[in-house]
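Asks: no sequence for this one, just the structure:
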């Protein structure tokens, strides 16, 4: 994809390869298929140490990202598991989200800023 650098800037992700961007008419959302770059692959989700791959996990997973106007945006990627010496078998870390989160770091940052600048009800309504 020639415009992957622009997509990475718009989505606020680093160390990420953008494979494709599609609009899901049924959900009314943009689905961005991504994967970690080679240097960010197969790291423990807790300590970020490089680990051997354990298995493919439960398939593909989605993380909510910041909306583009009225359109919801989701990042979708495989969620393999790794075998960490310290933490046993855990889901591999991804560069765009914290371990166990269902949303991206940019979404977290936006909600955090909004929570300090406006009421909870306004933040809740704007972020759906």
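Replies: Okay, I see it. If you're wondering where the values come from, they're calculated on a predicted model, not measured in any experiment.
Asks: ok now do the closest residue to residue 14 other than its chain neighbours, which residues does it touch?
Replies: Across the structure, with Cβ to Cβ, 6 or more residues apart in numbering as the measure, the residue nearest residue 14 apart from its sequence neighbours is residue 95 (5.8 Å). Just so you know, the C-beta spots here come from the backbone N, C-alpha and C atoms, and that holds for glycine as well. Neighbour list for residue 95: 13, 14, 15, 16, 36, 37, 40 [criterion: Cβ atoms under 8 Å, 6 or more residues apart in numbering].
Asks: Confirm that residue 113 sits in a helix.
Replies: Yes - secondary structure of residue 113, determined by DSSP: H, G, I helix; E, B strand; the rest coil: located in a helix.
Asks: mind listing the strands for this protein?
Replies: Using DSSP state E, the strands found in the chain span residues 16-24, 29-36, 53-55, 60-68, 71-78, 81-84, 88-91.
Asks: Could you check the first one and say which residues are buried?
Replies: Buried positions in strand 16-24, judged by neighbour count with 16 or more other Cβ atoms under 10 Å: 16, 17, 18, 21.
Asks: What's the local residue count around residue 113?
Replies: 11 (other Cβ atoms under 10 Å).
Asks: Tell me how far it lies from residue 126.
Replies: Residue 113 sits at a distance of 11 Å from residue 126 (criterion: Cβ to Cβ, to the nearest Å).
Asks: Please name the nearest non-neighbouring residue to residue 19.
Replies: Beyond its immediate neighbours in the sequence, the residue positioned closest to residue 19 (Cβ to Cβ, 6+ apart) is residue 33, lying 4.3 Å away.
Asks: Listing request: residues of the protein with sub-threshold pLDDT.
Replies: Counting by pLDDT under 70, the chain has low-confidence residues at 1-2.
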